[in-house]
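Chemist: Pasting the sequence and the predicted model now:
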Amino acid sequence: MRRFTTPPTTEEIVALADEALAWAAARLPRRLCGILDGVHILVEEMPDDETIAELGLESPWELTGLWRGEPMTARSITHPSVTPPAILLYRLPILAEWIETEVTLPALVRNVLIHEIAHQVGFSDAEIERLEREE
């Protein structure tokens, strides 16, 4: 595992997210195996003002990741998704959390990714916490 001593670039965050996505895919219940097909990972520096307002947040620093696209619970054969799903990772809030906690950067990126995926499939908070703790 690479140890970061300087802030990672956008490309390095994407690489960590790709590894986390593969990790998550290997641990999803069989019934959800195809959920991550076509999911794109995007990294932006900060969430925009519109997103912050839409979510009712007081500060952009509160948001480290966000699922964009139709929720998995709304999809069906008769109502396919119009846009491909994407997970947005916000680089600067992730780096701020990394600095403030003792969590390694790969674990933090993985936790943000797992959190966003789990919300889309209706996992409970307890299930999300269990997944986030797995190594």
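Modeler: Okay, I see it.
Chemist: So Thr51 sits against Leu66, correct?
Modeler: Yes: counting by CB atoms under 8 Å, Thr51 touches Leu66, with 6.8 Å between them. Placement of C-beta: from N, CA and C, glycine included.
Chemist: So for the protein, the centremost residue is which one?
Modeler: In the chain, the centroid-proximal residue (CA atoms, centre = their mean) is Leu113; its distance is 2.5 Å.
Chemist: Name the nearest residue to that residue, sequence neighbours excluded.
Modeler: Distances taken as CB to CB, 6 or more residues apart in numbering place Ala20 nearest to Leu113, at 4.5 Å, with adjacent residues excluded.
Chemist: Test my guess that that neighbour contacts Arg110.
Modeler: Yes: under the criterion of CB under 8 Å, Ala20 makes contact with Arg110 at 3.9 Å.
Chemist: after the helix or strand harbouring Ala26 comes which helix or strand?
Modeler: Ala26 is part of helix 10-27, with elements assigned from DSSP states H and E. Moving toward the C-terminus from helix 10-27, the next helix or strand (DSSP H and E) is strand 40-44.
Chemist: For Pro7, pull up the helix or strand it's in.
Modeler: Counting by DSSP H and E, there is no helix or strand that carries Pro7.
Chemist: residues touching it, list them.
Modeler: Listed by CB atoms under 8 Å, 6 or more residues apart in numbering, the contact partners of Pro7 are Leu95.
Chemist: what's the distance between it and Ser59?
Modeler: 20 Å (CB to CB, to the nearest Å).
Chemist: and stretch 43-51, how far out from the chain's middle?
Modeler: Relative to the centre of its chain, stretch 43-51 is centred 14 Å away, using CA atoms, centre = their mean, to the nearest Å.
Chemist: so how far is the first residue of it from its last?
Modeler: Criterion CA to CA, to the nearest Å; first-to-last residue distance in stretch 43-51 is 15 Å.
Chemist: which residues are contacting it?
Modeler: Here stretch 43-51 has contacts from 10, 13-14, 17, 57, 60, 63, 66, 88-93, using CB under 8 Å, 6+ apart.
Chemist: same thing but 6 Å
Modeler: Residues from elsewhere that reach stretch 43-51, judged by CB atoms under 6 Å, 6 or more residues apart in numbering: 10, 13-14, 60, 63, 88-92.
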